[in-house]
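K.L.:
Structure for this input, please:
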Amino acid sequence: MNALKNLSVIRKLVQIATFSFFVYGGLVTGYYLEDKISRSLPALSCAYDHQGSDYCTLIPIQHQMHHRLGTALADGGNLLMGVMPTLITLGIFLVLFMLLSKAFCGWICPLGTFQEFMHMLGQKLGLQRRESLEHTTVKKVRPVKWFVLVLLVFGFPVLAGMGMVNHDLGNPFCNICPSRILTTLAVGDTTQLHVDTASTTTIVLSLLAVFLFGLMTALALTLRQPFCRVCPMLALHAVFRKLGLLRLVKNATPRCEKCGICADACPMDIKEIHTDMQRHNVTFEDCTLCGRCVEFCPDKDVLQLKYTKFPVFSADPQYFKARKQAQKDWEQSNMKNLLGNGRKPAEGKAG
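P.N.:
Have a look, this model is predicted:
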């Protein structure tokens, strides 16, 4: 099929462009605009990358919890003044989030882009991939992102500000976030890939950071979006997902019960896209609005990406046939098959 009509190809081009902007954009915008445009980006773009053009909202939230709210609670200060900076940060975040909704994950996040390209590399190397996790495993993993958001982004920073835990826990998520290592390495800065021996807490956090980055990179070669499944930004998106102007909608038909191709295509293993026959808005909490389920839906307009009430991209039988063939061609063009040693991929799977 024509690459410019392939939604996945278009998305990859957008991902490359936004990765370049949010990792290297400060080289163009200059330091003062680089520091920073909003400081409330709904994606994991790291402030430790000093060439980046913006950084994610989780960084200021942790600092505000630590130095403003936590301190106010400890000293008996004005709680409104303690929480006001966070309310402003979340307000700007919400304005940005409303514009593109959860597509910040599926189209813009540098860490999400890295994981997708690592998975493409694994496919080209002919590695044995696990396209989907068991639904029971998915259900067990889903709560993790909420624990990370509550404990590492809000909980420990507040407790650190109150003096109840070590101040090294003032920004614990940043200290273990794989994006911190990825984006700094991408600009040639190796200072974040180290073990911080300042205290026991920093030793543990820095070791965990290196471990998580290595684990995520290795898993991404064979498993789709491993870190995205536990990312606190995804949880924060889920809180506001009904306010986003871009959404995934479903006009269910009886054929949906017998199909399930959309669920196979979903990189986040959201089986409810297939099984839920009642909801019209199926932008589930783990959805990143990547649009793959719409691409691989064989029935006219059953699944759609809509911006407010206007369809942006809709399921279409002709597109489905061309996209399915393009996927088959893509999967067959790996190192094992080119060398004549690979097994023929199973047809009909949306990898």
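K.L.:
Quickly note the distance from residue 312 to residue 11.
P.N.:
12 Å (CB to CB, to the nearest Å). C-beta: built from backbone N, CA, C; applies to glycine.
K.L.:
Need the three-state assignment for residue 11.
P.N.:
Classification of residue 11 by DSSP: H, G, I helix; E, B strand; the rest coil places it in helix.
K.L.:
Could I get the full set of strands for the chain?
P.N.:
Under the criterion DSSP state E, the chain contains strands at 246-250, 303-307, 310-314.
K.L.:
ok, residue 265 - contacts?
P.N.:
292, 293, 295, 296, 350 (CB atoms under 8 Å, 6 or more residues apart in numbering).
K.L.:
mind checking which helix or strand of the chain has the lowest mean pLDDT?
P.N.:
helix 31-34 (a mean of 56; mean pLDDT, DSSP states H and E).
K.L.:
What segments of the stretch 201-350 of the chain are helices?
P.N.:
Remark: helices assigned in the stretch 201-350 of the chain by DSSP state H, counting those that start in this stretch are 232-240, 261-265, 272-275, 292-295, 317-332, 335-338.
K.L.:
count of neighbours near the nearest residue to residue 232 once chain neighbours are set aside?
P.N.:
Leaving aside its sequence neighbours, residue 232 sits nearest to residue 149 (CB to CB, 6 or more residues apart in numbering; 3.7 Å). The number of residues packed near residue 149 is 23, by other CB atoms under 10 Å.
K.L.:
Wait, residue 149 touches residue 235, no?
P.N.:
Yes. Using CB atoms under 8 Å, residue 149 is in contact with residue 235, at 4.2 Å.
K.L.:
just to revisit the earlier point, residue 312 and residue 11: who's more crowded?
P.N.:
residue 11 (20 against 16).
K.L.:
surely the more buried one meets residue 290?
P.N.:
Yes. Between residue 11 and residue 290 there is a contact under CB under 8 Å: 6.5 Å.
K.L.:
Touching both of these two, which residues are there?
P.N.:
Listed as contacting both residue 11 and residue 290 by CB under 8 Å, 6+ apart are 106, 107.
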